[in-house]
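Asker: Output the structure for:
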Amino acid sequence: MTQWTSAVGAPQLARLIGSQRTADGNGGRRVPAYRALADGVRLLVLEGRIPVAARLPAERELAAALAVSRTTVAAAYEALRTDGFLESRRGAGSWTSVPAGNPLPTRGLEPLPPEATGTMIDLGCAALPAPEPWLTRAFQGALADLPPYAHTHGDYPAGLPALRQALADRYTARGVPTMPEQIMVTTGAMGAAAAICRLMAPRGERIAVDHPSYANILQLMRDAGARLVPVAMADGLAGWDLPAWRQTLRAAAPRMAYVVADFHNPTGALATEDQRRDLVAAARAAGAALVVDESMADLALDPALAAEPPRPVAAFDPGGSTVITVGSASKALWAGLRIGWVRATPDVIRSLIAARAHADLGSPVLEQLAIAWLMAADGWEEAIAIRRDRARENRDSLVAAVREHLPDWEFTVPHGGLTLWARTGGLSGSRIAEAGERLGVRVPSGPRFGVDGAFEGYVRLPFTVAGPVATQAATRLAAAARLVASGAAIEAEAPRTFVA
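Answerer: Numbers count the residues shown, from 1 in each chain. Predicted structure coming up:
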């Protein structure tokens, strides 16, 4: 039995090697061609651009694609095996791996209680304060609407009819005709994702995921026993590598694929309409359910994009048989509003509702009424406008502070969402996170958002602070980076498990 779960073709690997940055990491020393090739593959694995357990091309094929000798490729593969980044078996080929002891300790940060933060700048969670006065108004309206529901048993496994209708109307207005029977209200996007995983990908099934991807969803899938098949995102905000997606869906045959097409968490990338169309076509051809997380879809920070966003991914699935959409009020409005939803075909929704009896039964009625009130009173758009203004101000402050105090860090400024994905100048993101907490700033390191130790050279920075606080956060991160660069000893803690 082979040990690999996906495959990287020779042309694809040659393209990835050729696209790597040319910065000299060898102090000006020339290295042999085989060593340069081995280092290039190792970096691609560590950055998540080639997944662990991916089958590499045969030596002869790769040599032809790179226009080098087969001896060079054979020596590079042997060096990778020695370093622990490649495993081989006669008749099964060679596939990527990570050495024993890797990954380095990662940082998963539970949110600090507000009264416990003190002088700590908490960048662990991508969450902002509520957009007042709309949150208070929504709950006042919900309390006024509550009495008829209080005379019932209060269990609504599919969600309140008023909210299902409001969500269906909202999808229809966005260009995706939807009936209330196509909506199930859930306890946040995580509740939606958990329900879909239980239905679509039982334990042991493969799920293709963006790489990097949202940390808590990755952990949810691991805990459910899924076999994650990562598909590398393109550099910067280019987003989705469609040839890689098509190849992975064909080769790995996953039951389900999970993507964040709207202001991707953590990179901030926004899928183009062509990418959306191609993702749906690739999933349909492979027979995979395409689960699209729209938790960040309302958070376009550039006014032109907010006025004319791309169509939902579901708009490219007119039959409705491929795309399952997840939405949430928690990122768009306030993390304390634990209301999410699923849009799918009526038969899928019926199956999800039937299975819910063994999970959480239903979502809080008062919070559902609050969301329904916002949508009926046009308060949703007003509240979202407040959220966008604050996030835009925070983004611009944080970007300016990081550019000033950490000029070696590389990132592309996203057009929306709540997160900045920063390459840490060749330093360990895990070590920077450890040093940063000692210096009064908490950040999650890259490996929390990857599979098998990828993205060690990254951290995620959410748009949750502005002005002098953003400057102070960047100053402390710069001090942490200097500590790591100097090799100063850092006391490691046991990894934690939460990143919002």
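
Asker: alpha carbons only for contacts and neighbour counts from here, please
Answerer: Will do.

Asker: For the closest residue to R448 other than its chain neighbours, give its distance to P243.
Answerer: Here the nearest residue to R448 in space, its sequence neighbours aside, is A215; by Cα to Cα, 6 or more residues apart in numbering that works out to 5.6 Å. The spacing between A215 and P243, counted by Cα to Cα, to the nearest Å, is 24 Å.

Asker: which one of those two has more residues nearby?
Answerer: Using other Cα atoms under 10 Å as the criterion, A215 and P243 rank with A215 on top: 22 against 12.

Asker: surely the more buried one meets S445?
Answerer: No - contact criterion Cα atoms under 8 Å: A215 and S445 do not qualify, at 10.5 Å.

Asker: what residues are up against G336?
Answerer: Neighbouring residues of G336 by Cα atoms under 8 Å, 6 or more residues apart in numbering: S330.

Asker: Please tell me how far it sits from G154.
Answerer: Applying Cα to Cα, the value for G336 to G154 is 21 Å.

Asker: what about the stretch 351-500 of the chain, any weak spots by pLDDT?
Answerer: 488-500 (pLDDT under 70).

Asker: now the helices for it?
Answerer: With helices called from DSSP state H, counting those that start in this stretch, the stretch 351-500 of the chain shows them at 365-376, 379-405, 429-439, 467-486.

Asker: Which strands or helices does the longest one pack on?
Answerer: Meaning helix 379-405. Contacts defined by 3 or more Cα pairs under 8 Å, 6 or more residues apart in numbering; DSSP states H and E place helix 379-405 against helix 134-145, helix 365-376, helix 467-486.

Asker: angle of the longest one against helix 379-405?
Answerer: Compare the direction of helix 467-486 with that of helix 379-405 by axes from the mean of the first three to the mean of the last three Cα atoms, to 10 degrees and you get 50 degrees.

Asker: Give me the domain ranges for the chain.
Answerer: 6-96, 114-127+382-486, 134-377 (automatic domain parsing).

Asker: Doesn't G327 belong to a strand?
Answerer: Yes - assignment of G327 by DSSP: H, G, I helix; E, B strand; the rest coil places it within a strand.

Asker: Next up, the contacts around it.
Answerer: 189, 293-295, 340-342.

Asker: Could I have the ChimeraX command that selects the buried members from those?
Answerer: Buried residues within those, by 16 or more other Cα atoms under 10 Å, are selected in ChimeraX with:
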select :189,293,294,295,340,341,342
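
Asker: Name the residues that touch the one helix or strand Y77 maps to?
Answerer: Assigned by DSSP states H and E, Y77 belongs to helix 70-83. Helix 70-83 has contacts (Cα under 8 Å, 6+ apart) with 33-35, 37-38, 42, 59-60, 62-63, 86-88, 99.

Asker: Now flag whichever of the residues you listed is closest to Q165.
Answerer: In terms of Cα to Cα, no member of these lies closer to Q165 than R42, at 50.7 Å.

Asker: possible to save the contacts of helix 70-83 as CSV with neighbour count, distance to I17 and pLDDT?
Answerer: As requested, these are exported to CSV (neighbours: other Cα atoms under 10 Å; distance: Cα to Cα, whole Å; pLDDT from 0 to 100):
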residue, neighbour count, distance to I17, pLDDT
A33, 15, 13, 89
Y34, 20, 13, 89
R35, 18, 13, 87
L37, 21, 8, 91
A38, 25, 10, 89
R42, 21, 10, 85
E59, 20, 15, 91
R60, 15, 16, 92
L62, 22, 11, 93
A63, 19, 13, 93
L86, 25, 16, 90
E87, 20, 20, 90
S88, 17, 21, 88
P99, 15, 21, 77
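
Asker: Out of the residues you listed, list just those in strands.
Answerer: Taking DSSP state E, the ones among those that sit in strands are 86-88.

Asker: Export those as CSV, with columns for distance to T464.
Answerer: Formatted as CSV, the ones in strands among the contacts of helix 70-83 follow (distance: Cα to Cα, whole Å):
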residue, distance to T464
L86, 40
E87, 42
S88, 46
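
Asker: what's the closest of the residues you listed to Y458?
Answerer: Here the nearest of the ones in strands among the contacts of helix 70-83 to Y458, counting by Cα to Cα, is L86; it sits at 22.8 Å.

Asker: Which residue comes closest to that closest one once chain neighbours are left out?
Answerer: T96 (4.5 Å).

Asker: ranking the helices of the stretch 351-500 of the chain by burial, who's on top?
Answerer: helix 429-439 (a mean of 24; mean count of other Cα atoms under 10 Å).

Asker: CA-only coordinates of it, as CSV, when you get a sec.
Answerer: As requested, the backbone C-alpha atoms of helix 429-439 are provided in CSV (Å, rounded to 0.1, in the frame of the first residue of the first chain):
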residue,chain,number,x,y,z
GLY,A,429,7.2,32.0,13.8
SER,A,430,6.8,29.7,16.7
ARG,A,431,9.8,31.1,18.4
ILE,A,432,8.7,34.7,17.7
ALA,A,433,5.3,33.8,19.3
GLU,A,434,7.0,32.5,22.4
ALA,A,435,9.3,35.5,22.7
GLY,A,436,6.5,37.9,22.0
GLU,A,437,4.3,36.6,24.8
ARG,A,438,7.2,37.2,27.2
LEU,A,439,7.4,40.8,25.9
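
Asker: other SSEs contacting that helix?
Answerer: Using 3+ Cα pairs under 8 Å, 6+ apart, helix 429-439 is in contact with strand 458-462, helix 467-486.

Asker: in the shortest one, what's buried?
Answerer: The neighbour-count check on strand 458-462 (16+ other Cα under 10 Å) flags 458-462 as buried.

Asker: Enumerate every residue touching the nearest residue to D389 once chain neighbours are set aside.
Answerer: Leaving aside its sequence neighbours, D389 sits nearest to L301 (Cα to Cα, 6+ apart; 7.5 Å). Contacts for L301 were tallied using Cα under 8 Å, 6+ apart; they are 388-389, 391-392, 415-417.

Asker: ditto for S351
Answerer: The contact partners of S351, taken as Cα under 8 Å, 6+ apart, are L199.

Asker: Return the distance of it relative to E437.
Answerer: From S351 to E437 the distance is 45 Å (Cα to Cα).
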